[in-house]
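Colleague: no FASTA, just this:
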Ligand code: PCD
Ligand SMILES: [Cu+]
């Protein structure tokens, strides 16, 4: 053994394990244009599919003539609902217990809804054929405003389920009603509000937006009729779930379906659900016996696949006069569009909205959510929020500001007074969750000091005086937000998708020379899993990360898992990785003891191998142990060195953070300048600080986009506005502010390595921080709440409404 010659530090450094700023290994291929995306996959004889879509938001299809399209040379098939009906495939089940039209049947329910699927020799022929579809419609009254969805005379949208009084989540109150979900103690909460000294109530609208990843949704289906096997490549955040869904709806046995998610160019929740394009590509490939590819364009992506938010949240807080919180009450009107295709765990129709009591010790609370249909695209999970947590945090963090304003109290002081204290963890919140760990006061104090919060308030006070004296036309806003996230869905006791518990998995195989391949049930879309899982393994196995290959996304080789979204990979598969590695290590210990000719209790783990207790020079490295596992017949031990773990987390993890934003707004032009943005995140044990920083930068940039400009709007006729990058704001380096990042570390007590998720946090905490800054800027002029997105035009309008342009 010559490795005793190097120091312990050098041995440790060589591993590039947890805590190391290891460079992202996947970027070697990404930065050289060598990624392998669905569109890079070209199979022999491959055909292309394209949709003819509805021009109307609500209309009856009177006539659909496909003959001209069919006659175009190069067109191989033209599918309509009539073709899918005999196969019972014109509707598909959604993850929310509803059904969704694959191709519109008799009626269209939102603009750009899929009506006809055309398969042709190339994309251009398919697109030309789309132009040849001849359709006639009878326009029906359009329902855009969810506040009138349940009016007695509201237009009936879903004729297919009009007589169903029972939905997937209980009774329906109206033909446009989806569910009514309530949690918390209503009577007790109402009683608190009836007698509370100070109460506030405000409606916060979290507008409709869209994740719009760089790569749109796509699929390539290839049916081998001789083998009876289907291979499906696609942009899937959850490949195994897609395999199960395809098996259930096609009737093909699951072992004859190979789902492969290659490199993905961003997901952000957009690629969790199942879309009509996937189903149509599969059906066309089965019918034609040829590979069929479907690739969405940008407008299709923005206007038809999974949107985000669209929550109207009536939020109330009750407190004592000196600012001690007594209760919270919240009612949400949730606009789900034409189908309920929200991808939440089955028992949670409004996701984890019940984290809406936030970071505060609020004794009682009640939350009620009504889901309704409108003539808009369906979806609603996505965009860097684990299951409506962004909405919940927005509601509480805006409400805190509104309430502090009424109390005449500084909002940071108000927060500090009501934070859950470190000694209260694990903390059972009024709406049911048990927060695993936190030190909110420490985080907030660090943040306040970093930004010189008191100094900023003094500067703001001076600037407000100057504004009143007419010396400046700029108002200064200080945005504060303190969030608690809930990620890592989740424990099988309360989380499942289609009845499958939301565990995740890792399988490790160590080769004789001591290099490793490990596979997980999750799927990176850019997060850097190939880099970070290897770091967990490096520390746990004592094998350098560079000797470890991480593979995800092939259902034939990866163990079953529920995929990557809701920042669940670290809390679930990250845990499975550590546990599986520890199984390997337990066997390695036996081998080492055999080689060292001592009892296995007499050896101990030492960075990258086992040593005899008290005799560190008598040791066997993992490399030597791996070789021995394949070469030395060890009595009572089978050869080989591998392990698998399916990890069912005992609880979710609760990352948190303190964010500050300083902004100036010109009241005459509405222009804003973000002077400073500071983000402190606590995600427990940090696996790769550089990747975390990248995640925070990305999440904050998306938060900036959503809060300050992005929106998918509809006009009165249900025409979607904002379905192209001409109208949908995507910030570039020019608009994006400079991000300052910081951290504290409060490990999760139940996670094997103490790590919590982080990918979504910056978005969850960022959006309310920006919005609070804008609202704070106008607060001294009498404004209480201004809705997002805070683009220049809306800021100008806010100033106009406050009489500032007279
Ligand atoms: N403590 C800790 C944590 C974490 N980490 C790292 O970081 C990352 C992340 O993680 P997480 O948090 O766990 O998460 P995931 O699961 O992995 O992922 C997911 C997320 O992620 C994020 N991020 C991102 N990035 C990118 N690049 N891309 C994308 O797409 C994306 N997306 C987004 C989203 S939206 Mo959802 O879906 O809405 O629900 S959800 C989400 C990874 O790599 C890991 O490893 C570390 O290091 N440490
Ligand atoms: Cu999410």
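Modeller: Nice, thanks for sending it over. Note that the structure is predicted; figures quoted are calculated from it, not measured. Numbering: from 1, shown residues only. Ligands and ions are numbered 1, 2, ... in the order given.
Colleague: residues of the helix or strand residue 130 falls within that come out buried?
Modeller: Secondary structure assignment for residue 130, by DSSP states H and E: helix 123-131. By 16 or more other CB atoms under 10 Å, the buried positions in helix 123-131 come out as 123, 125-126, 128-130. Using the backbone N, CA and C atoms, a C-beta is placed for each residue, glycine as well.
Colleague: pretty sure residue 68 is in a helix, no?
Modeller: Yes. Judged by DSSP: H, G, I helix; E, B strand; the rest coil, residue 68 forms part of a helix.
Colleague: Can you report how many residues lie near it?
Modeller: The number of residues packed around residue 68, counting by other CB atoms under 10 Å, is 14.
Colleague: can you tell me how far whatever residue of the stretch 451-600 of the chain ends up closest to ligand 2 sits from residue 487?
Modeller: The nearest approach of the stretch 451-600 of the chain to ligand 2 comes at residue 566, 5.3 Å away (CB to the ion). In this view, residue 566 and residue 487 are 6 Å apart by CB to CB, to the nearest Å.
Colleague: ok, now residue 705?
Modeller: Counting by CB to CB, the gap from residue 705 to residue 487 is 21 Å.
Colleague: residues from the protein in reach of ligand 1?
Modeller: 213, 237, 266-269, 382-386, 525-529, 532, 564-570, 683-688, 691-692, 695, 698, 755-760 (CB under 6 Å from any ligand atom).
Colleague: Go through the residues you listed and flag which are in helices.
Modeller: Judged by DSSP state H, the residues of the chain next to ligand 1 include 529, 532, 691-692, 695, 698 as members of helices.
Colleague: Now render those as TSV, adding pLDDT and neighbour count.
Modeller: Shown next, in TSV, are these (pLDDT from 0 to 100; neighbours: other CB atoms under 10 Å):
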residue	pLDDT	neighbour count
529	98	26
532	98	26
691	98	22
692	98	22
695	98	26
698	98	19
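Colleague: who does the helix or strand residue 702 falls within touch, helix- and strand-wise?
Modeller: Per DSSP H and E, residue 702 falls inside helix 689-708. Counting contacts by 3 or more CB pairs under 8 Å, 6 or more residues apart in numbering; DSSP states H and E, helix 689-708 is packed against strand 672-682, strand 740-743, helix 761-779.
Colleague: Which among these is found nearest to residue 223?
Modeller: Of all the helices and strands packed on helix 689-708, helix 761-779 sits nearest to residue 223, with 38.8 Å by CB to CB.
Colleague: Does the closest one pack against any helices or strands, and if so which?
Modeller: Partner elements for helix 761-779 (3+ CB pairs under 8 Å, 6+ apart): helix 389-407, strand 474-484, strand 656-666, strand 672-682, helix 689-708, helix 792-801.
Colleague: now with 6 Å?
Modeller: helix 389-407, strand 474-484, strand 656-666, helix 689-708 (3 or more CB pairs under 6 Å, 6 or more residues apart in numbering; DSSP states H and E).
Colleague: Adding distance to residue 799, write the ones you listed out as JSON lines.
Modeller: Output for the helices and strands packed on helix 761-779, formatted as JSON lines (distance: least, CB to CB, whole Å):
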{"stretch": "helix 389-407", "distance to residue 799": "18"}
{"stretch": "strand 474-484", "distance to residue 799": "8"}
{"stretch": "strand 656-666", "distance to residue 799": "8"}
{"stretch": "helix 689-708", "distance to residue 799": "16"}
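Colleague: Residue 650 is nearest to which of these?
Modeller: Of all those, strand 474-484 sits nearest to residue 650, with 18.5 Å by CB to CB.
Colleague: Give me the mean pLDDT for the helix or strand just after the closest one.
Modeller: Note on strand 474-484: by DSSP H and E, the next helix or strand toward the C-terminus is strand 496-497. Regarding strand 496-497, the rounded mean pLDDT is 92.
Colleague: Equivalent analysis for stretch 214-221, please.
Modeller: 98.
Colleague: same question, stretch 775-784
Modeller: Mean predicted confidence for stretch 775-784 is 96.
Colleague: sorry, back to before: flag whichever of the buried residues of helix 123-131 scores worst on pLDDT.
Modeller: Among the buried residues of helix 123-131, residue 123 has the weakest pLDDT, 95.
Colleague: so the residue nearest to that residue when sequence neighbours are not counted bridges to which residues?
Modeller: Spatially, and ignoring its direct neighbours in sequence, residue 123 is nearest to residue 48 (4.6 Å; CB to CB, 6 or more residues apart in numbering). Residue 48 has these beta-bridge partners by DSSP bridges: residue 120, residue 293.
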